[in-house]
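In: requesting a structural model of the entry that follows:
(one chain, ligands or ions: 1)
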Amino acid sequence: MEVIIKESYDQISLLAAQIIADLVHHRPRASLGLATGSTPLGAYRELIRMHREEGLDFSQIVTFNLDEYVGLAEDNDQSYHYFMWENLFKHINIIPANVHIPDGNAKDLEEACEHYEMEIDDHGGVDVQLLGIGSNGHIAFNEPGSSLGSRTRIKTLTQQTRRDNARFFASIDEVPKYCVTMGIGTILEARKLLLLANGASKAEAVAAALEGPITASVPASAVQLHPDVTFIIDKAAAAKLKREYHSELSRVDR
Ligand code: PGA
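Out: Here you go, the predicted structure:
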C-alpha cells in the first residue's frame, strides 16, 4: 500500500486530480469510479480547472459512482445525482450517457443493483476508484458489519452516518434511512483505489483501515487486500498512524 501524507487539503486534492488526469490522458476511454461527500470536492475543482484551462478531455470517459440515497429525487439538492452534476459533470465535457450513478428511485431496487454491476462489467470494470472514508470506517455506504465480499445492494444507514450527513439536510429526520451502494467486493475489483481523507475526525478510521486488522467492523480495512491502493491524507488524518510514511508518490512500497 502506498500512503502519502500531505500538509493540506489542497495538496491532497491536487495530487488526486493529477493521478486521475494522468489516467484520462493515457486512457481516454477509462472508467472512473467517483465518490461524493466533502472530501473529493477539491479534486473535482482541480479537474474542472484542468478541463477549462488545459483541455483535459472527458468526452470518452465513463464514470461509475459509489452510492446514492434511496427515495430522494435526482433533482433534490441532497441527492448524489445532483451533487455530481453540480460539482463536476456539468462543468466538463462528459457525455451524459456515460455517467452511471446507482438509481435510488428504481421500482425494483434489487434488480437495479444487479443491473449496475452488469454495467460495470460491460465497461470492463473500473480503472481507478476514488474513495472517502467515514468517521466510522465505512467506504461508500458500506457501514461496519458489511460483508467484505458484498456487491451493489440496498443498505440501512447507521445513526452515526445519518448524524454525520445531517449537516447537509434541514434536520436529521430528513436524512434518508436507506441507500444503494457498491459493495466492498465491487470496490475491490477496481484496478486502482485512491482513498482520500483529511481532518482529525478521520484519524481513527484511517489508522484502523491502514494498520488495524482486516475486519468487517472497519469496512475500509478491506482495501488492505487490494494490490494497488494509494491513501492520500493530510497530517491531521494521519495523526494516529504508527508506521512511517512518505509525502511523495513512490512506486516501491506498494
Ligand atoms: P466526507 O464523507 O467526504 O463528507 O467526509 C466521506 C464518507 O463518508 O465516505
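In: residues in contact with residue 64?
Out: Applying Cβ atoms under 8 Å, 6 or more residues apart in numbering, one finds that residue 64 lies in contact with 31-34, 100-101, 116, 119-120, 123, 126, 182. Any C-beta I mention is one placed from the backbone N, CA and C, and that applies to glycine too.
In: residues contacting residue 90?
Out: Contacts of residue 90 (Cβ under 8 Å, 6+ apart): none.
In: the ligand contacts on the protein?
Out: 37-39, 132-134 (Cβ under 6 Å from any ligand atom).
In: mind giving me the ChimeraX select for those residues, buried ones only?
Out: Those of the residues of the chain next to the ligand that count as buried under 16 or more other Cβ atoms under 10 Å are selected in ChimeraX with:
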select :37,39,132,133,134
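In: what are the ranges of the strands in the protein?
Out: Listed in chain order, the strands of the chain (DSSP state E) span 2-6, 31-34, 62-65, 67-69, 99-100, 128-131, 153-156, 178-181, 192-197, 229-234.
In: from the chain's centre, how far out does stretch 2-21 sit?
Out: Relative to its chain's centre, stretch 2-21 lies at 14 Å (Cα atoms, centre = their mean, to the nearest Å).
In: circling back to that earlier point, would you turn the strands of the chain into a markdown table with mean pLDDT?
Out: Shown next, in a markdown table, are those (pLDDT from 0 to 100):
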| stretch | mean pLDDT |
| --- | --- |
| strand 2-6 | 96 |
| strand 31-34 | 98 |
| strand 62-65 | 98 |
| strand 67-69 | 97 |
| strand 99-100 | 98 |
| strand 128-131 | 98 |
| strand 153-156 | 96 |
| strand 178-181 | 97 |
| strand 192-197 | 98 |
| strand 229-234 | 97 |
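In: and whichever residue of the stretch 101-250 of the chain sits closest to the ligand, what does it touch?
Out: Across the stretch 101-250 of the chain, no residue is closer to the ligand than residue 132, which sits at 3.1 Å (Cβ to the nearest ligand atom). Counting by Cβ under 8 Å, 6+ apart, residue 132 makes contact with 35, 37, 39-40, 139, 195-197.
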